[in-house]
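Colleague: show me the folded form of this:
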Amino acid sequence: NVGNVALSNVVVTDEAPHGIKFISTSLGTITNNKLTYTIPNLALNQTVTITVTAKAVIYTPTAIVNKACFDAPAIPNSPDACDTATVTVNPPLCLKLDG
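Modeller: Residues are numbered from 1 along each chain as shown. Now for the predicted structure:
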């Protein structure tokens with residue numbers, strides 16, 4: 001919280017991008033491949049870290065961009081802010097079988 005007031009009931013959402021499957025989360029719930037968590041109270045300069053374990057279910061040679069957002073009822077914009085992370089998927093392994 002880098003604002004100038006403490007916040008309450010801050011809703012964090014993160015919908016998995018195409019090709020990514022969310023497996024588990026350290027906070028909140030995952031339903032229909034979307035993370036949702038409500039931070040009850042967020043003091044000034046306080047941070048909350050949410051760790052999501054995910055896997056790529058398709059290969060794409062271009063990076064996949066994941067976008068997580070938060071919305072605090074006390075702030076009029078919706079969503080209030082978003083952040084992105086870029087995921088690079090390793091190419092699939094090809095096995096050659098002799099025989």
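Colleague: got the contact list for the worst-scoring helix or strand of the chain on mean pLDDT?
Modeller: The helix or strand of the chain with the lowest confidence, counting by mean pLDDT, DSSP states H and E, is strand 81-87 at a mean of 90. The contact list for strand 81-87, computed with CB atoms under 8 Å, 6 or more residues apart in numbering, reads Pro17, Ile20, Ala56, Ala63, Ile64, Val65, Asn66, Lys67, Ala68, Cys69, Phe70. To be clear about C-beta, it is placed using only N, CA and C from the backbone, and glycine gets the same treatment.
Colleague: partner strands of it and their direction?
Modeller: Using DSSP bridges, strand 81-87 pairs in its sheet with strand 64-71 (antiparallel).
Colleague: could you list the buried residues of the strand it pairs with?
Modeller: Neighbour-count burial for strand 64-71 flags Ile64, Asn66, Ala68, Cys69, Phe70, Asp71 (criterion: 16 or more other CB atoms under 10 Å).
Colleague: isn't the fifth one right up against Ile50?
Modeller: This means Phe70. No: judged on CB atoms under 8 Å, Phe70 makes no contact with Ile50 at a distance of 10.3 Å.
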